[in-house]
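S.K.: Quick check, what structure comes out for this input:
(chains A and B)
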Amino acid sequence: MFKVFKKDKKTKARSGVLSTPHGDIKTPSYVFVGTYGKFRHLTSGDIKKTKTQLIIANTFHLWDFALADRDGASKASEKTFLTKRLGLNIPTMTDSGGFQVLSLAFGNKNKVGKFMTDSAKTDATYKRSKIKITKKGVHFNFKGRKMFLGPELSMKIQEKIGADIIFAFDHITSPLDNFKYNKKAVELTDEWAKICLKKYNKNQLLFGIVQGGTYKDLRIKSAKSIGSLPFDGFGIGGSYTKKQISKMLKWIIPYLPEEKPRHLLGVGKVADIFEAVQNGIDTFDCVIPTREARHGRLYTKTGFMDIRRGAYLKDKKVIEKGCDCLTCSSKIPRSKIRELIKSDNINQNTAGQRWCLMHNMWFFNSLLEEIRVSISKGRFTEFKKKFISGFDR
RNA sequence: GGGGGUGUACUCAAGCAGUCAACGAGGGCAGACUGUAAAUCUGCUGGCCGUAGGCCUACGUAGGUGCAAAUCCUACCGCCCCCA
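M.R.: From the prediction side, this is the model:
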């Protein structure tokens, strides 16, 4: 169930509450990515201290674990496979595994990811080697294994994992795919969406996914058809060049039901967050806060810092003055975090990365908190302007 | 006193006559990371000239051999180990 409490007057930004069997989520909300149903280097107790509302895990990566679990099918009420794995009873999502067909089976070889430079050619020809896509799903190779994943199987696995919110199995395209290919992908995603709805047990919330690449016609076509289906919410997927998020959202959002939640898949840099919220997005997931934390990039209101730099060798300040995250409130100096994270890599310790994770997750959750407040006070645009101008890069 | 070893750029550590401004690692510097095969990846790291290319200074010190030396010889200096 989703309730919008406040709509911004100047933009499409909105604030509300999304209710799930494991609790309520105040929106807009960041969704952190715990692919394997865990966060590297963090305990469940740690996660509790980051103000995290919602976590997304991955169907592809949990596939074997979930199906091997003998505790029966998870009902999205009490302790599901995923909440047990997390050690936390908080709202969860699972991605359908559709993205992995791009990132694992295809993207790596072709150097294609979710985002590409703006100069990327969208009509380049390339080969989707060893991948066969049919109406039933995708045959592909992974680590020398022949695999198959499709809408029915994805739904089966996601039901077993038991997240509160699950996604329909979709066909993501790459920025290199042409119009014709994207058109087929949209049609296939539609067909798969209907299969997913048929297999849907109503214990969970099922979100359909809009595709269409960077093509306006296709995005609108996809938004219309997916948006008209009885999903509980909608995901917006695909890949694009870096400057196209906003434009794409403006095409899509008008065709999605106003009363249902919208999730933007895999987007979450600081500037992107504001663009997403401004265009009517309620939740979005991204690896940026956690991956970059592990790589030593720490966020503050004035920009980010690479804590591994020698400049912090003797820096006794906390990451950010006034920050209430565990790291900063424990008064861990930058020099110590630097020392720890640099030796983490060598000694297989994780203390430094943990401090970084605790900070970044807190940072992004706090930012979203501020965004929610700004929307409720009718000051979203002002807050955005102020924050962006103070944030370097 | 006798015997053996060793001295390489910020550090560790290869090289043992030409392809060496010198492998590799660390460190440093710069950059990347967007539905996580990512505690990861990429580039640079003697000086000067805009890069290409070139010039200069460099492998403990001082000489020597040789077309050519970090690499061979001699002496010296410094460290290390073993025997007395």
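S.K.: number of nearby residues for the residue in chain A that RNA strand B sits nearest to?
M.R.: At 2.1 Å from RNA strand B, residue A:266 is the closest residue in chain A, using CB to the nearest atom of the strand. Using the backbone N, CA and C atoms, a C-beta is placed for each residue, glycine as well. Neighbours of residue A:266 under the rule other CB atoms under 10 Å: 24.
S.K.: Make sure it is indeed in a strand.
M.R.: No - using DSSP: H, G, I helix; E, B strand; the rest coil, the assignment for residue A:266 is coil, not a strand.
S.K.: distance of it from residue A:167?
M.R.: With distances taken as CB to CB, to the nearest Å, residue A:266 is found 12 Å from residue A:167.
S.K.: do residue A:158 as well
M.R.: Taking CB to CB as the measure, residue A:158 falls 8 Å from residue A:167.
S.K.: which residues are in contact with both of the two?
M.R.: A:94, A:96 (CB atoms under 8 Å, 6 or more residues apart in numbering).
S.K.: doesn't residue A:98 make contact with residue A:140?
M.R.: No - shown here, residue A:140 and residue A:98 do not form a contact pair, counting by CB atoms under 8 Å, at 11.5 Å.
S.K.: Those two: which is more packed in?
M.R.: Using other CB under 10 Å as the criterion, residue A:140 and residue A:98 rank with residue A:98 on top: 28 against 21.
S.K.: quick one: contacts for the closest residue to that one other than its chain neighbours?
M.R.: Nearest residue to residue A:98, sequence neighbours excluded (CB to CB, 6 or more residues apart in numbering): residue A:170, at 4.4 Å. Residue A:170 makes contact with A:96, A:98, A:189, A:192, A:193, A:209, A:211, A:235, A:237, according to CB under 8 Å, 6+ apart.
S.K.: Now do the phi/psi pair for the second one.
M.R.: Put plainly, it is residue A:98. phi -60, psi -40 (degrees, to the nearest 10).
S.K.: What sits closest to the residue most central in space within chain A if chain neighbours are left out?
M.R.: Nearest to the mean C-alpha position of chain A, by CA atoms, centre = their mean, lies residue A:285 at 1.9 Å. Among residues not flanking residue A:285 along the chain, residue A:31 sits closest, at 3.7 Å (CB to CB, 6+ apart).
S.K.: How about the contacts made by the one you found?
M.R.: A:53, A:54, A:55, A:56, A:93, A:263, A:283, A:284, A:285, A:286.
S.K.: and if we set it to 7 Å?
M.R.: Residue A:31 makes contact with A:54, A:55, A:56, A:93, A:283, A:284, A:285 under the criterion CB atoms under 7 Å, 6 or more residues apart in numbering.
S.K.: Got phi/psi on the residue nearest to residue A:98?
M.R.: The phi/psi pair for residue A:170 (degrees, to the nearest 10) reads phi -120, psi 170.
S.K.: low-confidence ranges in the stretch 101-250 of chain A?
M.R.: Across the stretch 101-250 of chain A, residues meeting the criterion (pLDDT under 70) sit at A:106-111, A:117-127, A:129.
S.K.: Residues of it that sit close to RNA strand B?
M.R.: Within the stretch 101-250 of chain A, the positions near RNA strand B by CB under 7 Å from any atom of the strand are A:102-104, A:108, A:113-115, A:142-143, A:167, A:170, A:172, A:209, A:211, A:235, A:237-239, A:242.
S.K.: Taking those residues, please make a ChimeraX selection of just the buried ones.
M.R.: Those of those that count as buried under 16 or more other CB atoms under 10 Å are selected in ChimeraX with:
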select /A:102,103,104,114,115,167,170,172,209,211,235,237,238,239
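S.K.: ok, back up a step: who are the contact partners of the residue of chain A closest to RNA strand B?
M.R.: Shown in contact with residue A:266 (CB under 7 Å, 6+ apart): A:114, A:285, A:286.
S.K.: list the contacts for residue A:141?
M.R.: A:105, A:130.
S.K.: Please name the bridge partners of it.
M.R.: Here residue A:141 sits in beta bridges with residue A:146, going by DSSP bridges.
S.K.: list the buried ones in the longest helix along chain A?
M.R.: Longest helix in chain A, counting residues (DSSP state H): helix A:351-376. Within helix A:351-376, the residues that count as buried by 16+ other CB under 10 Å are A:351-369, A:371-372, A:374-375.
S.K.: What of stretch A:249-265?
M.R.: With burial defined by 16+ other CB under 10 Å, the residues of stretch A:249-265 counted as buried are A:249, A:251, A:252, A:253, A:255, A:256, A:260, A:261, A:262, A:263, A:264, A:265.
S.K.: And those residues, which two are furthest apart?
M.R.: The distance between the two most remote of those (CB to CB) is 18.8 Å, for A:251 and A:261.
S.K.: sorry, back to before: now, which of the contacts of residue A:31 lie close to RNA strand B?
M.R.: Contacts with RNA strand B within the contacts of residue A:31, counted by CB under 7 Å from any atom of the strand: A:56, A:285.
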